[in-house]
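Colleague: mind folding the following:
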Amino acid sequence: MAGISESITQIKKAETDADTLVEDSKLESSNIIEESKAKASEFIDAAKASANDEAKNTVFDAEENAKKEAKSITAQSEKDAQALKSSAMSNVDEAASFVVKNIL
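Modeller: Below you'll find the predicted structure:
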């Protein structure tokens, strides 16, 4: 009888140990899940910050390129305007002679 009692005690201890192991495993898995969620959140925040910085840089680069293009267009427009003015001024003498001939 002592052997059966001892076997039952060992079985109960094994059950208790198994229950404890299950509870510890549940707790550990919960902790791992929480850590994973926190790390995922950190990664997401870092990715958002990186994307935001990249977007700002892209906008800045686009603005710089637009400014350069605007300066180039302005310079070309001034050059074209000066060429038109020079061309028109060369015709002033001819126009003045024409007006004088027709009035007189």
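
Colleague: in terms of pLDDT, where does residue 12 sit?
Modeller: pLDDT for residue 12: 92.

Colleague: mind checking how far residue 28 is from residue 34?
Modeller: Using Cβ to Cβ, to the nearest Å, residue 28 is found at 11 Å from residue 34. In this view, the C-beta of every residue, glycine as well, is placed from N, C-alpha and C.

Colleague: okay, and the common contacts of the two?
Modeller: Here residue 28 and residue 34 have no joint contacts, going by Cβ atoms under 8 Å, 6 or more residues apart in numbering.

Colleague: now do the helices in the chain.
Modeller: Here the chain has its helices, by DSSP state H, at 2-103.

Colleague: which pLDDT value belongs to the spatially most central residue of it?
Modeller: Nearest residue to the geometric centre of the chain (Cα atoms, centre = their mean): residue 51, 2.2 Å. Residue 51 is assigned a pLDDT of 97 by the prediction.

Colleague: tell me how many other residues crowd residue 22.
Modeller: With neighbours defined by other Cβ atoms under 10 Å, the count for residue 22 comes to 10.

Colleague: let me redo that: residue 48
Modeller: Close neighbours of residue 48, defined as other Cβ under 10 Å, add up to 10.

Colleague: state the distance from it to residue 42.
Modeller: Taking Cβ to Cβ as the measure, residue 48 falls 11 Å from residue 42.

Colleague: check residue 13 too.
Modeller: Residue 13 sits 43 Å away from residue 42, going by Cβ to Cβ.
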